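Colleague: predicted model follows, preceded by the sequence.
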Amino acid sequence: MKPLGQTVRLTGKVKETIRKLDHRADQEIARPLRLVVAALMLRNSSSGDAQTIEVLICQRKPNEPMSLKWEFPGGKIEPGETAEEALARELNEELGIDAVIGRRVAQVHHKYRNGGAIDLQFFVVNEFQGTLENKIFNDVRWSPLVALPEYDFLAADLGLVRDLADGRLL
Ligand SMILES: Nc1nc2c([nH]c(=O)n2[C@H]2C[C@H](O)[C@@H](COP(=O)(O)OP(=O)(O)OP(=O)(O)O)O2)c(=O)[nH]1
């Protein structure tokens, strides 16, 4: 038996293997799958005879990660919450409204380049009480569905944005 405190010499290959394992463990601990919910808040707008469906979109602040990208209002599900409860809470915190959460229309799994993965569920919101207030965003706008691809959306949203603009989802 070696006495305690004696240094064990590791070969370069063993050191490399340990370094890789450590690195993988760090990533898994630091970056669990984030469960996120977001709202497709819809309204009808009419000009003349034409009816357009508009959706509420929000721009992230300049000092946040993924700054100035556009997204749909929402956020992470907290422990003990259902997806609908989490979304109602987020809409209240971000926009000051009491929303009626409608049907779930899409679910997206996305891996960001920094290694973070998200599971994103989208719910329709057609009804809410209260006055919309921008509490945390750089900008908040109603956009016609067809105009959504003009905005610089978060990568995880791009497929959904295309489907909404092409009339494939709603
Ligand atoms: N609300 C919302 N989040 C989205 C969308 N698309 C998308 O990739 N996300 C991501 C951005 C965030 O990483 C995460 C939402 O978490 P969050 O609302 O708590 O925002 P956050 O920036 O504080 O997140 P984090 O840095 O703490 O991870 O989901 C979207 O359309 N809406």
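Modeller: In hand now; what should we look at?
Colleague: just the strands in the protein please.
Modeller: Counting by DSSP state E, one finds strands in the chain at the ranges 34-47, 50-59, 70-71, 74-76, 98-100, 104-111, 117-125, 127-129, 139-144.
Colleague: would you list those strands in a markdown table and tack on mean pLDDT, distance to the ligand and mean neighbour count?
Modeller: Where C-beta positions appear, they are placed from N, C-alpha and C, glycine not excepted. Compiled in a markdown table, the strands of the chain are given as follows (pLDDT from 0 to 100; distance: least, C-beta to the nearest ligand atom, whole Å; neighbours: other C-beta atoms under 10 Å):
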| stretch | mean pLDDT | distance to the ligand | mean neighbour count |
| --- | --- | --- | --- |
| strand 34-47 | 95 | 4 | 17 |
| strand 50-59 | 95 | 8 | 17 |
| strand 70-71 | 98 | 4 | 21 |
| strand 74-76 | 98 | 3 | 18 |
| strand 98-100 | 98 | 14 | 16 |
| strand 104-111 | 97 | 6 | 14 |
| strand 117-125 | 98 | 5 | 19 |
| strand 127-129 | 98 | 16 | 14 |
| strand 139-144 | 98 | 12 | 15 |
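Colleague: can I get these in CSV with distance to Ala156?
Modeller: Converted to CSV, the strands of the chain look like this (distance: least, C-beta to C-beta, whole Å):
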stretch, distance to Ala156
strand 34-47, 8
strand 50-59, 14
strand 70-71, 9
strand 74-76, 12
strand 98-100, 21
strand 104-111, 4
strand 117-125, 6
strand 127-129, 24
strand 139-144, 18
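Colleague: relative to Gly159, which of the ones you listed is closest?
Modeller: Nearest to Gly159 among the strands of the chain is strand 104-111; the distance by C-beta to C-beta comes to 6.7 Å.
Colleague: between the closest one and strand 117-125, what angle do the directions make?
Modeller: Relative orientation of strand 104-111 versus strand 117-125 (axes from the mean of the first three to the mean of the last three C-alpha atoms, to 10 degrees): 160 degrees.
Colleague: packing partners for strand 104-111?
Modeller: When contacts are defined as 3 or more C-beta pairs under 8 Å, 6 or more residues apart in numbering; DSSP states H and E, strand 104-111 sits against strand 117-125, helix 158-165.
Colleague: tell me the angle it makes with strand 34-47.
Modeller: With the same axes, to 10 degrees applied, the angle from strand 104-111 to strand 34-47 works out at 130 degrees.
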